[in-house]
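Undergrad: Fold the following for me, if possible:
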Amino acid sequence: MINFFKSKYKSGLRGFTLIELLVSMALFTTVITIAVGALFSAQAVNTKLEQTQLILDGVNLATELMARDLRYGTDFNCTTGLPSAIPQDRKSCLYPTGGTSIVFKPSVTLPGSTDVSTDRVLYYVSNGAIFKDEYTYVGGAGGTQTIKTYQITPNDVSVKDLTFYVVGARESGVAFDPDLNQPLVTFVISGVTVPNRPKVPAVSFTLQTSVSSRGLDI
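TA: Just a heads-up that it's a prediction; the model follows:
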């Protein structure tokens with residue numbers, strides 16, 4: 001008698017055992033865990049790079065602006081706090097004390113000024129930002145003084161400290177031969193980035209730049 005119900009698939013094939021399934025799931029879970037961890041690490045590195053780019057774009061631009069003005073400036077006065085009056089006599093600020101603000105005569109006539117000899121530029125830090133003040137007198141030293149203020153660092157960085165060191169600014173009123181050596185100005189900026197997204201850590205930074213004045217301090 002012919003058995004018509006005999007399965008044609010009977011060939012000795014079998015499925016996965018429970019142990020094989022458990023091992024496969026364990027390997028799959030391990031691979032996924034490693035992949036997710038690498039993804040989060042890459043995201044963290046990318047976020048830190050974004051914060052670092054904020055420093056490069058914002059603070060470096062301010063540093064270049066200050067260095068350019070200082071390079072062509074003269075009659076430097078470095079002091080702690082803001083000066084009580086402008087213009088000021090020349091004054092050095094030596095290491096390690098330094099000063100928190102610097103005022104000097106720019107190389108060009110400021111807009112609106114009628115006497116370049118009385119023009120002054122002031123750099124200082126306030127409320128986490130670096131500011132540049134332009135002081136001009138309309139009508140000379142006895143005229144009307146005007147002040148224009150510019151914020152030169154962006155809001156996505158917070159400047160904690162700005163210190164100036166000035167060497168070789170001949171003191172005004174001292175009775176000796178004119179000092180023909182150019183002053184050397186060094187300034188140090190330190191602070192942190194201000195993240196624009198939650199759970200993004202702030203990145204600290206410290207930048208230092210030294211500038212030798214092109215003008216003779218006479």
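
Undergrad: For the protein, give me the ranges with low pLDDT.
TA: 1-16, 37-56, 139-142, 170-181, 197, 215-218 (pLDDT under 70).

Undergrad: need the strands for it, in chain order.
TA: Using DSSP state E, the strands of the chain run over residues 74-79, 101-105, 120-126, 129-138, 144-151, 157-167, 184-193, 204-212.

Undergrad: can you state the direction angle for the second one and strand 120-126?
TA: Angle of strand 101-105 versus strand 120-126, following axes from the mean of the first three to the mean of the last three Cα atoms, to 10 degrees, is 170 degrees.

Undergrad: what packs against strand 101-105?
TA: helix 60-71, strand 74-79, strand 120-126, strand 157-167 (3 or more Cβ pairs under 8 Å, 6 or more residues apart in numbering; DSSP states H and E). Yep, even glycine has a C-beta here, placed from its N, CA and C like the rest.

Undergrad: Let me have those in TSV, adding distance to residue 100 and mean neighbour count as columns.
TA: Listed next are those as TSV, based on distance: least, Cβ to Cβ, whole Å; neighbours: other Cβ atoms under 10 Å:
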stretch	distance to residue 100	mean neighbour count
helix 60-71	14	17
strand 74-79	8	24
strand 120-126	7	20
strand 157-167	6	20
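
Undergrad: Nearest to residue 94, out of the strands of the chain?
TA: Smallest distance to residue 94 across those (Cβ to Cβ): 6.5 Å, for strand 157-167.

Undergrad: Now do the contacts for the residue nearest to the spatial centre of the chain.
TA: Nearest to the mean C-alpha position of the chain, counting by Cα atoms, centre = their mean, stands residue 59 at 2.8 Å. Residue 59 sits next to 153, 157, 159, 189, 191, 205, 207 when contact means Cβ atoms under 8 Å, 6 or more residues apart in numbering.

Undergrad: Leaving out chain neighbours, which residue sits closest to the last one?
TA: Meaning residue 207. Counting by Cβ to Cβ, 6 or more residues apart in numbering, residue 207 lies nearest to residue 189, which is 4.8 Å off, once chain neighbours are set aside.

Undergrad: Give the full set of residues in contact with the one you found.
TA: With contact taken as Cβ under 8 Å, 6+ apart, residue 189 is in contact with 59, 62-63, 130, 159, 161-162, 205-208.

Undergrad: Look up the residues forming beta bridges with it.
TA: Listed by DSSP bridges, the beta-bridge partners for residue 189 are residue 162, residue 207.

Undergrad: Residue 135 now?
TA: Beta bridges link residue 135 to residue 120, residue 147, judged by DSSP bridges.

Undergrad: okay but it is in contact with residue 120, surely?
TA: Yes - here residue 135 reaches residue 120: they are 4.4 Å apart, a contact under Cβ atoms under 8 Å.

Undergrad: Understood, closing this out.
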